[in-house]
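> Sharing a model prediction with you, sequence too.
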There are 2 protein chains.
Amino acid sequence: MQMDATVISFADNNSIASHIANQLNAIYTIAKIHEFPDGESCVRIDPSKIRDTVFVLNSLYHPDQLVLPLLFLAGTLRDYKAKKIVLIAPYLAYMRQDKRFNEGEGISARYFARLISEYFDGLVTVDPHLHRIKSLDEIYTIPSHAIHAAPVVADWIYNNIKQPLLIGPDSESEQWVKYLAQMAQSPYVVLEKIRHGDNKVEVSLPQVQKWLKHTPVLFDDIISTGRTMIETIKHLKQTDLAAPVCIGVHGIFSGNAYQELVAAGASKVVTANTIEHHSNEINIAIPIVQAINQLKF
Amino acid sequence: MQMDATVISFADNNSIASHIANQLNAIYTIAKIHEFPDGESCVRIDPSKIRDTVFVLNSLYHPDQLVLPLLFLAGTLRDYKAKKIVLIAPYLAYMRQDKRFNEGEGISARYFARLISEYFDGLVTVDPHLHRIKSLDEIYTIPSHAIHAAPVVADWIYNNIKQPLLIGPDSESEQWVKYLAQMAQSPYVVLEKIRHGDNKVEVSLPQVQKWLKHTPVLFDDIISTGRTMIETIKHLKQTDLAAPVCIGVHGIFSGNAYQELVAAGASKVVTANTIEHHSNEINIAIPIVQAINQLKF
């Protein structure tokens, strides 16, 4: 069945966007950005490809440089009579500055949500970093849908790792580690931090002797600097467990985070394709297509 | 007289902003931008410095990277109870994409104006590049004021150049060159393009023998690539006139434009301080202060 809609993306999101358009049986087109010598940019689309409903598919990775072209794209689409413009941002930016950590700071999550809500009619994203903000509806005034990557992550673990052992870095992680382990039909252990005074933290390793033939799996929603995972790998090295596989939904890898994870002892680093990277092995396109098909207009 | 207002800028606009605050007798404070490893940014202000009326003083040079921190600054100021937020942008971006030059292109000038109009209560700028758009009011829905730099440019010429001779690069420039020459009490000549067929353009040099003791002065509102001025310098070299002084209001200098102008034969390149650059010799602070003092709230 042909969906009477357009999927549009900037060139660097081409691979997931064309895949999604293909699955939806929608028209796919690329929006071009021309950058002028003075640092300004101009967006250009192919008007013949624009339908009433347009899905703008673009991860909001390194958002500051991207946001103006993105708003210009929305403006251009409206000029060419698009009636409903939905932003599909597999990675959604600015969810972490969700409160005033210091007096005088802006609450970027709220300002960014206001901006996006003014220019788009709907938002679909994958595992937004919800913490103090419990639901996108608290800050986005447009209909939004957050896809959980856990099922496709669990599928990937189940299909690619022999005898996985999920590892939670601390007690806070127990809930998701248990959930993911159930879906992947794998056992799990959770490390425990024991504080001695203010600065000394010892990590107790639970009994792992019976899991020595298993492959440890570390998971986090975002791998940014990779610090948490690198610390956890250090603790695991004190045991006889095998080198762990590190999985992140969103692989931001700031600086040399990817190389540092590998150097620290990760046997493999795997991410979902919410942000294009050579570690992408977990395909998020299918749940995105399912979410789009369920959107009510 | 103390003005009960705040002037705030990001650090790289510090010198003109603090000067203006000083002239206004207003409070001056710097807004800090913290950049996180993942490429997101966070704005922080000193709340004790924020009054009901805030002038955000920032040139919109290389606007794509700047615009999100600028909108976050406006959001933060509102959170801290600023009632009237006026953007003072000595250089205003996105005035040149003022129509659809190619099918499918966005009209960035309009989209940018809409965005700024949503976040600020007023706009003051210097010589915006008005071409097909005749007035800022056509695209900005907030009160706006465009300051003309010509009087301070003419003053600078009058005070710094012995026997100036203003040069207009083509007949279109005659109007402003005449105006500037009158104010600087200087003579002027205008070069004329004579077309031979489609591609061959000859530039006729008017009688300049009587101006050989004068200093030629080239002027443009924006020096971006510097191409127009470099071409004009080449034509002047065919005469016995002295090496010209090149003056721009807004010195964008994309790539090596500044060095190329000097290499082409400019005896000196001078700009106004709407964009901070070592060529800044024309001070635009006083007319900005005058404009602010005349704003009606």
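That came through, no problem.

> Which secondary structure state is assigned to the most centrally placed residue in chain A?
Centroid-nearest residue in chain A: A:His250, 3.5 Å away (criterion: CA atoms, centre = their mean). Under DSSP: H, G, I helix; E, B strand; the rest coil, the three-state class of A:His250 is strand.

> ok, it touching A:His277?
No. Applying CB atoms under 8 Å, one finds A:His250 not in contact with A:His277, separated by 9.6 Å. The C-beta positions use only the backbone N, C-alpha and C, and glycine is treated the same way.

> joint contacts of the two?
Common neighbours of A:His250 and A:His277, counting by CB atoms under 8 Å, 6 or more residues apart in numbering or on different chains, are A:Thr271.

> Report how many residues lie close to the closest residue to A:Ile230 other than its chain neighbours.
Nearest residue to A:Ile230, sequence neighbours excluded (CB to CB, 6 or more residues apart in numbering or on different chains): A:Ala264, at 4.5 Å. Residues near A:Ala264, counting by other CB atoms under 10 Å in any protein chain shown, number 18.

> The one 10 residues further on too?
Each residue near A:Thr274 was counted by other CB under 10 Å, and the total is 29.

> Tell me which residues touch it, please.
Per CB under 8 Å, 6+ apart, neighbours of A:Thr274: A:59, A:90-91, A:126, A:149, A:249-250, A:284.

> what do you get for A:Pro128?
Counted by CB under 8 Å, 6+ apart, A:Pro128 has contacts A:92, A:95, A:136, A:146.

> ok, which pair from these is furthest apart?
Using CB to CB, the two most remote members of the contacts of A:Pro128 are A:Met95 and A:Ala146, lying 10.3 Å apart.

> ok so, going back, spit out the contact partners of the residue nearest to the centre of chain A.
Per CB under 8 Å, 6+ apart, neighbours of A:His250: A:91, A:126-127, A:221-223, A:271-272, A:274-275.

> Common neighbours of A:Met95 and A:Ala146, please.
By CB under 8 Å, 6+ apart, A:Met95 and A:Ala146 have these common neighbours: A:128, A:130.

> Between the two, which is the more surrounded one?
A:Met95 (25 against 16).

> didn't A:Ala109 look like it was pressed against A:Tyr94?
Yes. A:Ala109 lies in contact with A:Tyr94 (CB under 8 Å); the separation is 5.3 Å.

> residue boundaries of the strands in the stretch 51-200 of chain A?
A:53-57, A:84-89, A:122-126, A:144-147, A:164-168, A:188-190, A:192-196, A:200-204 (DSSP state E, counting those that start in this stretch).

> Export those strands as JSON lines, with columns for mean pLDDT.
Converted to JSON lines, the strands of the stretch 51-200 of chain A look like this (pLDDT from 0 to 100):
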{"stretch": "strand A:53-57", "mean pLDDT": "98"}
{"stretch": "strand A:84-89", "mean pLDDT": "98"}
{"stretch": "strand A:122-126", "mean pLDDT": "97"}
{"stretch": "strand A:144-147", "mean pLDDT": "96"}
{"stretch": "strand A:164-168", "mean pLDDT": "94"}
{"stretch": "strand A:188-190", "mean pLDDT": "91"}
{"stretch": "strand A:192-196", "mean pLDDT": "73"}
{"stretch": "strand A:200-204", "mean pLDDT": "70"}
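
> low pLDDT regions in chain A?
A:1, A:195, A:197-201, A:297 (pLDDT under 70).

> Output the longest helix belonging to it.
The helix that spans the most residues within chain A, counting by DSSP state H, is helix A:63-79.
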